[in-house]
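sequence and predicted structure are below.
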Amino acid sequence: MQISSRFTIALHVLLCIVNFSGDYKLTSSFIASSVGVNPVIIRKVLGQLKDAGIVAVEAGVGGASLERDPSEITLLDVFNAVESVEGPLFSFHADPNPACPVGRRIHLILDAELDAAQAALETRLKSRTLADLVSVMEGLMDEGHASKAETDARG
């Protein structure tokens, strides 16, 4: 199982909006330069975040901004906005063999475990906000955790 990269891209986009707001026009091209993807992908993610009421997007060079305070945006809000998972997170194979002793019991064996795993993920994502991530980001910046690109740019 792998959740698509849309979730981490969306979080990266939101952190860029918080970090660069007021200093730069937050266009899809600008944000894409940080994320390292095509601006078309950023526009799609921004559209999903806009539909969920998380961001506002001004056409043209207006850029993106948050619609709510970072403390009011949970990671689960972001996940639900950009991931197309409806219902159970885990897919189950369609036709376990009812004549097999394992096949006829597989749902009894796994359903509760998979439901518990999904609930744990959702509980964790619901308990963390964009503001929490902003605090981590600011702490790393304050501690001088410069990336190789930042170090190279400084010369």
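Thanks, I have the structure now.

counting contacts, what elements does the top helix by length along the chain pack onto?
Longest helix in the chain by number of residues, with DSSP state H as the criterion: helix 106-127. Other helices and strands packing on helix 106-127, by 3 or more C-beta pairs under 8 Å, 6 or more residues apart in numbering; DSSP states H and E, are helix 75-82. Any C-beta I mention is one placed from the backbone N, CA and C, and that applies to glycine too.

this structure: helices as residue ranges?
So, for the chain - with DSSP H - the helices run 6-20, 28-35, 39-51, 75-82, 106-127, 130-142, 148-154.

please identify the residue most distant from the middle of the protein.
residue 99 (42.0 Å; C-alpha atoms, centre = their mean).

picking that back up, got the buried residues for the longest helix of the chain?
122, 125 (16 or more other C-beta atoms under 10 Å).

can you give the contact residues for it?
Residues outside helix 106-127 that contact it (C-beta atoms under 8 Å, 6 or more residues apart in numbering) are 74-76, 79, 88-90, 92, 96.

quick check: angle from that helix to helix 6-20?
If you take axes from the mean of the first three to the mean of the last three C-alpha atoms, to 10 degrees, helix 106-127 sits at 0 degrees to helix 6-20.

make 83 the starting number, not 1.
Let's use 83 as the start, then, which means that last one is helix 188-209.

helix 188-209 - what's its average pLDDT?
The predicted model assigns helix 188-209 a mean pLDDT of 94.

returning to that earlier point: out of the helices of the chain, nearest to residue 147?
Of all the helices of the chain, it is helix 88-102 that lies closest to residue 147, at 6.5 Å by C-beta to C-beta.

wait, which of the contacts of helix 188-209 is closest to residue 225?
Looking across those and measuring by C-beta to C-beta, the closest to residue 225 is residue 157, at 22.8 Å.
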